[in-house]
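>>> Give me a model of this one.
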Amino acid sequence: MGRVVVAGSINMDVVATAERHPRVGETVAGQSVMYFPGGKGANQAVAAAKLGAPTSLIGRLGRDAFGEQLRAFLAAQGIDLAAVKDSAGVSTGTAIITLAKADNTIVVIPGANAEVRADDVGQTALIAGDVAVSQFEIPQATIVTFFQRAKAAGATTILNPAPASAFAQGLFAVVDVLVLNETELGFLSGIDLGNAPTSQQVVDAVWKLDARTDQTVCVTLGARGAVAVAAGEARRVDGRAVKAVDTTGAGDCFVGALAARLSQGAAMTDAIAYANVAASISVQRMGAGPSMPTAEEVRALL
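You can find the predicted model right below:
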């Protein structure tokens, strides 16, 4: 069994709940404010670790109270933090989240995450069977170096291009599995997919990415499941009907679960189905990092 090695962001999520989202220029009364460990990199690492995969995290924290709290939380999840460094003079990454009726809006302040460099990812050895994971909350130049090293070692690479941004030169070429949602797919393909695209619309947009036949593109569709395209074929995984209370981190749960299963030798189709179930559990809980399910919880539903 391989490891999951995540290079990515570590944030404190400041969550404000309200009856509805404010319009531009409007103030609405909130109901509560909560603090949750988050950041796409940390969330994905927590998901993989709780699902039984040996997991390492590469990233940076500020030398502040949020940094101390996040380091303690991540260590408690059993994640190897040897490659998580402190950055002087900058704050720990922070996400300001407004939650209303289970839907969220998010503003991310990168802080120390913007200082994750190629030297940071070079300190963690990768071997064949490992799964290297990253997202767009750290510099893309760092991700390119990380994935190049992973490919050279025979590891599998998973990229979650969120927040949506154009690919840096050479990045897509070293991606084995691309996991993105409808919004990100629309941005990268240049196609307006609307609010609830059909499976065929999703597949048509994926073709615009010009993925190689040995690459897998997995599009998460929230409650409607996921569509995976690989080797010229598309497969649909149906969603699960659940009562969502907070969708923050659901996509990260999917990515972390997918990485965990691939590191354990599962076939891609099985890993995607597993990740879909794991994400459906996470949306039934508040917070991002703390909402990730255990392997036992996922097995009970499979």
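
>>> ranges for the helices of the stretch 1-150 of the chain?
40-50, 65-76, 118-121, 140-153 (DSSP state H, counting those that start in this stretch).

>>> Reformat those helices as a markdown table; add mean pLDDT and mean neighbour count.
In short, each C-beta sits where N, CA and C put it, glycine included. Shown next, in a markdown table, are the helices of the stretch 1-150 of the chain (pLDDT from 0 to 100; neighbours: other Cβ atoms under 10 Å):
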| stretch | mean pLDDT | mean neighbour count |
| --- | --- | --- |
| helix 40-50 | 96 | 31 |
| helix 65-76 | 97 | 17 |
| helix 118-121 | 95 | 18 |
| helix 140-153 | 97 | 20 |
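
>>> Of all the ones you listed, which one comes closest to residue 10?
helix 40-50 (4.4 Å; Cβ to Cβ).

>>> Report all helices and strands that that closest one contacts.
Here helix 40-50 touches strand 4-7, strand 55-62, helix 65-76, strand 131-135, helix 250-263, going by 3 or more Cβ pairs under 8 Å, 6 or more residues apart in numbering; DSSP states H and E.

>>> could the helices of the stretch 1-150 of the chain be laid out in CSV, adding distance to residue 196?
Output for the helices of the stretch 1-150 of the chain, formatted as CSV (distance: least, Cβ to Cβ, whole Å):
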stretch, distance to residue 196
helix 40-50, 24
helix 65-76, 35
helix 118-121, 37
helix 140-153, 30
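
>>> Nearest to residue 132 among the ones you listed would be which one?
helix 140-153 (3.7 Å).

>>> avg pLDDT for the helix or strand that that closest one is followed by?
Next helix or strand after helix 140-153 toward the C-terminus (DSSP states H and E): strand 156-160. When pLDDT is averaged over strand 156-160, the result is 98.

>>> what does stretch 250-257 give?
94.

>>> neighbouring contacts of that stretch?
4, 6, 40, 43-48, 51, 133, 135, 158, 160, 162, 179, 181, 220, 222, 226, 271, 274-276, 278-279, 281-283, 288, 291-293, 298 (Cβ atoms under 8 Å, 6 or more residues apart in numbering).

>>> mind running it again at 6 Å?
40, 43-44, 47-48, 51, 160, 179, 181, 220, 274-275, 278-279, 282-283, 292 (Cβ atoms under 6 Å, 6 or more residues apart in numbering).

>>> Please consider this matter closed, and thank you.
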